[in-house]
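> Provided below are the primary sequence and the corresponding predicted coordinates.
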Amino acid sequence: MAAEEAPRLVVPVQRSVTLRQTVDYAMAEVLAADGEPTVHFVFMATWRGGDPGTDADRDRAEALLDQIRIWARYECEEAGVNPETIEIETALIGLESYLFSPDEYADLLTSYAADHDLDRVVVDPEYSLVGHTTLLQPLEFELERSKLAIEEAPVDRPTRRDRLVSRPNLPRFLALFGVSFLFYQILGGFSGTFDLVTGIATAAIVAITLDSVSFYRDPTLVDSPKRILRGVVYVPYLLYEIVVSNLVVARLILDPRLDIDPRLTKVRVFVGSGFPLTTLANSITLTPGTLTVTAEDQELYVHSLAPFAREGLFDGSLERWVRFVFYGREAARFPSPRERGDTEVLQEPSDAASTDADESGGEER
Amino acid sequence: MTFVETAILAGVTVADLLLVAAALFVSLAVMMLYRAILGPTNQDRVLAVNVLGTNTVVILALLGAALGEPWFLDIALVYALLNFLMSIAISKFTVERGGVI
Amino acid sequence: MIEAIRIGLIVVAVVLGLFFTFVSATGVIRLPDVFSRAHTASQADTLGAGFALAAVALTLGWEPTTVKTVLLLVFIFVTNPTAAHAIARAAYEEGIEPWTTGDERR
């Protein structure tokens, strides 16, 4: 190992499910080396510094970089290495301009690496440039043109597949074909041969063009029907909950005193990302009194209208149901968020102590 | 005599009931204009228009049933899709600061 | 007899639908900020629409077009909370602070 030069890494970071593992991998690479290894974690800003309304974005980015510093220090301590011997830097870059295309990101990263004499890029496989599509491939492609060595951190993804777009396969195709064909027939009112033929053609076009982006995981003959069945059991329960708490909320709203006490709360849930998380977030929104505002990884920011709604949320019955629907009966035996300590109320009434509210208000951004 | 022409009470038919309900839904939808115009934030306006759209879907369905024009439901279906897309597109537009979808 | 029950159910569904939509409209007008307004917009309104569409389905009876009503119902139940979530998220990302007790009414 002594013959090799000490690694000088640059790691573009962003909030993602595999970020922690990427940081761990980069740290493991650095800690295993002799000499004076260096690792820079950089956050590439998608906004321009100083623009109105971007303070929240900047604060979030800074918070993420702080978190990464803590992780890095922790890894050093785990390995029994003095953190001072390794150069660990974090930086927020790209504030001078808006970044649009992958080559602009690549140029920024390349020039940063050149400025700090770094020669290797470690990328998080879930890293995406704009936040809604995985654009890692174009970024990697653009980086190939530079002298930097590129490598993807080896990570286990909880539920996501390698890429958003995957190779087409038969079960997915058939499932999508079946659903679209049925939908077409319902719209057409099951009326004869003409609809049958055009339906087959339409469903085939839909299935061929969209089957690579329509599913999170492949439908199977055993699991998918089971999940659908358990979903059918869930619906009446959900409807019951909706009606009951709607009546409570209706009373609150029609009450002339308008006796509400809204707060923003944060709950960490364990249902897996993707479709299960969407189901849970939508169920929470559908149950009156609670509204999912945003989701970060497995943390849901939920706005609640009244104390009874917060209690219900922290009891976690919906979370247990969603676990039941997607993973079966065993998974539903799970402690509630309150028992796990995964709950947090982010706001205080502002007449209680306005200074306190300001402090906690800073954290929620 | 079809079902919608069945009298409920004193000559009031099911169709009348649905038409009255549709009229009340219209007035509730008009109430939404208050928020859609006054705001104060853009999100309030989108929200109000979204509720108005849902009400429109319901009104279309009620009219379709009352007047015996089941194809109104097709329009309601398309309207529901558009209404949903409108909310998502505008929200997305404001979040991404100019990057649409 | 069956006819009477059916008419009764239609009347109940229409009245409940109107009631919940009224609650939703009141909420959107009365509540203090965009987050709490999104509550009633997504929930009471969804339920109101659900009852009204149930009335429509009952009126149409056992016909192919009724399936469309059911489809519409399912669709509204999926999209309404999603839209409310998107709107609330947009408000949150723009930095609008949720209202708490003690704040001024907006």
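Yes, it's here. Numbers count the residues shown, from 1 in each chain, chains lettered A, B, ... in the order given.
> Quick check: end-to-end length of stretch A:39-55?
27 Å (Cα to Cα, to the nearest Å).
> Let's test this: mean pLDDT of it, rounded?
Taken as a whole, stretch A:39-55 has an average pLDDT of 76.
> What is the burial count for residue A:315?
14 (other Cβ atoms under 10 Å in any protein chain shown). Yep, even glycine has a C-beta here, placed from its N, CA and C like the rest.
> mind listing what it touches?
A:336, A:338 (Cβ atoms under 8 Å, 6 or more residues apart in numbering or on different chains).
> Just confirm residue B:28 contacts residue C:23, I think it does.
No. Between residue B:28 and residue C:23 there is no contact under Cβ atoms under 8 Å: 10.1 Å.
> Could you look up the SS state of residue A:150?
strand (DSSP: H, G, I helix; E, B strand; the rest coil).
> Check it and give its pLDDT.
If you check residue A:150, the pLDDT there is 77.
> Tell me how many other residues crowd it.
Considering only other Cβ under 10 Å, residue A:150 is surrounded by 14 other residues.
> How about residue A:343?
Neighbour number of residue A:343 under other Cβ under 10 Å is 18.
> Now it. Its backbone dihedrals?
phi -120, psi 150 (degrees, to the nearest 10).
> List the contacts of it.
Residue A:343 makes contact with A:265-268, A:313-314, A:337, according to Cβ under 8 Å, 6+ apart.
> Roughly how far does it sit from residue C:85?
Residue A:343 sits at a distance of 20 Å from residue C:85 (criterion: Cβ to Cβ, to the nearest Å).
> What residue in the stretch 201-350 of chain A comes nearest to chain C?
residue A:285 (3.7 Å; Cβ to the nearest Cβ).
> Just give me the neighbour total for residue A:57.
Residue A:57 has 18 nearby residues by other Cβ under 10 Å.
> Run through the stretch 251-365 of chain A and note the low-pLDDT ranges.
A:273, A:297, A:331, A:341, A:348-365 (pLDDT under 70).
> any chance you could map the strands in it?
A:263-268, A:290-296, A:299-304, A:343-345 (DSSP state E, counting those that start in this stretch).
> and among the ones you listed, the most buried is which?
Among the strands of the stretch 251-365 of chain A, strand A:299-304 has the highest mean neighbour count (mean count of other Cβ atoms under 10 Å in any protein chain shown), at a mean of 24.
> Direction-wise, compare that strand with strand A:263-268 and give the angle.
150 degrees (axes from the mean of the first three to the mean of the last three Cα atoms, to 10 degrees).
> starting at the chain centroid, how far to strand A:299-304?
What separates the centre of strand A:299-304 from the centre of its chain is 14 Å, taken as Cα atoms, centre = their mean, to the nearest Å.
> Can you list the strands that it pairs with?
If you go by DSSP bridges, strand A:299-304 pairs up with strand A:263-268 (antiparallel), strand A:290-296 (antiparallel).
> what about whatever helix or strand residue A:227 lives in and chain C, touching?
Secondary structure assigned from DSSP states H and E places residue A:227 in helix A:223-254. Yes. Helix A:223-254 lies within reach of chain C by Cβ under 8 Å from any Cβ of the partner chain, at A:242-243, A:246, A:249-250, A:253-254.
> Kindly give a single ChimeraX line that selects the buried subset of these.
The buried subset of the residues of helix A:223-254 next to chain C, as determined by 16 or more other Cβ atoms under 10 Å in any protein chain shown, is captured in ChimeraX by this line:
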select /A:242,246,249,250,253
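> just the residues of helix A:223-254 next to chain C now: which is nearest residue A:180?
residue A:242 (28.9 Å; Cβ to Cβ).
> could you pull out the helices for the stretch 1-150 of chain A?
Here the stretch 1-150 of chain A has its helices, by DSSP state H, counting those that start in this stretch, at A:19-32, A:55-79, A:102-115, A:136-144.
> contacts for the first one?
Contacts of helix A:19-32 from elsewhere in the structure, counted by Cβ under 8 Å, 6+ apart, are A:1, A:7, A:9, A:11, A:13, A:37-39, A:41, A:68, A:71-72, A:75-76, A:79, A:81, A:86, A:122-126, A:153-156.
> List the buried residues for that helix?
Here helix A:19-32 shows A:19, A:21-27, A:29-31 as buried, counting by 16+ other Cβ under 10 Å.
> Save these as TSV, and put in distance to residue B:5 and pLDDT too.
What follows is the buried residues of helix A:19-32, written out as TSV (distance: Cβ to Cβ, whole Å; pLDDT from 0 to 100):
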residue	distance to residue B:5	pLDDT
A:19	65	82
A:21	67	81
A:22	68	84
A:23	71	84
A:24	72	83
A:25	73	84
A:26	75	84
A:27	77	84
A:29	79	82
A:30	81	81
A:31	82	82
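> List just the nearest of those to residue B:42.
Nearest to residue B:42 among the buried residues of helix A:19-32: residue A:19, at 32.0 Å, using Cβ to Cβ.
> Distance check, residue B:86 against residue A:187.
On the measure of Cβ to Cβ, residue B:86 and residue A:187 end up 21 Å apart.
> Helix or strand with the lowest mean pLDDT in chain B?
In chain B, no helix or strand scores lower on mean pLDDT, DSSP states H and E than strand B:7-9, which sits at a mean of 71.
> close to chain C, is it?
Yes. Contact of strand B:7-9 with chain C (Cβ under 8 Å from any Cβ) involves residue B:8.
> So in that sheet, which strands flank that strand, and in what orientation?
strand B:12-13 (antiparallel).
> Residues contacting the strand it pairs with, please?
Here strand B:12-13 has contacts from B:4-7, using Cβ under 8 Å, 6+ apart.
> most neighbours, which of those residues?
Neighbour max across those (other Cβ under 10 Å) = residue B:4, 20 neighbours.
> List the residues that contact that one.
Residue B:4 touches B:13-15, B:18, B:65-66, B:68, C:59, counting by Cβ under 8 Å, 6+ apart.
> Repeat that for residue A:9.
Residue A:9 neighbours (Cβ under 8 Å, 6+ apart): A:26, A:29-30, A:37-40, A:118, A:120-122.
> same thing with residue A:340?
Residue A:340 neighbours (Cβ under 8 Å, 6+ apart): residue A:268.
> ok, it to chain B distance?
From residue A:340 over to chain B the distance is 30 Å, taken as Cβ to the nearest Cβ, to the nearest Å.
> Equivalent analysis for residue A:38, please.
From residue A:38 to chain B the distance is 34 Å (Cβ to the nearest Cβ).
> hang on, that residue packs against residue A:87?
Yes. Here residue A:38 reaches residue A:87: they are 4.2 Å apart, a contact under Cβ under 8 Å.
> So these two - more neighbours on which side?
Taking other Cβ under 10 Å, residue A:38 and residue A:87 do not tie; residue A:38 has more neighbours (20 against 15).
> So what sits opposite the more buried one in the bridge?
residue A:8, residue A:87.
> ok, it - contacts?
A:6-9, A:30, A:86-89, A:116, A:118.
> Closest to chain C out of these?
Nearest member of the contacts of residue A:38 to chain C, counting by Cβ to the nearest Cβ, is residue A:89, at 28.4 Å.
> Now do the contacts for that closest one.
By Cβ under 8 Å, 6+ apart, the neighbours of residue A:89 are A:38-41, A:116.
> now swap in residue A:11 and tell me
So residue A:11 contacts A:22-23, A:26, A:39-42, A:121-124 (Cβ under 8 Å, 6+ apart).
> So the residue in the stretch 151-300 of chain A that chain B sits nearest to versus residue C:71, what's the distance?
Using Cβ to the nearest Cβ, the closest approach of the stretch 151-300 of chain A to chain B is made by residue A:187 at 7.1 Å. Using Cβ to Cβ, we find residue A:187 at a distance of 8 Å from residue C:71.
> which residues are common contacts for these two?
Contacts common to residue A:187 and residue C:71, judged by Cβ under 8 Å, 6+ apart, are residue B:77.
> hmm, back to that, how about the strands paired with strand A:299-304, which one is nearest residue A:93?
Closest to residue A:93 of these is strand A:290-296 (Cβ to Cβ; 21.8 Å).
> Perfect, I'm done here.
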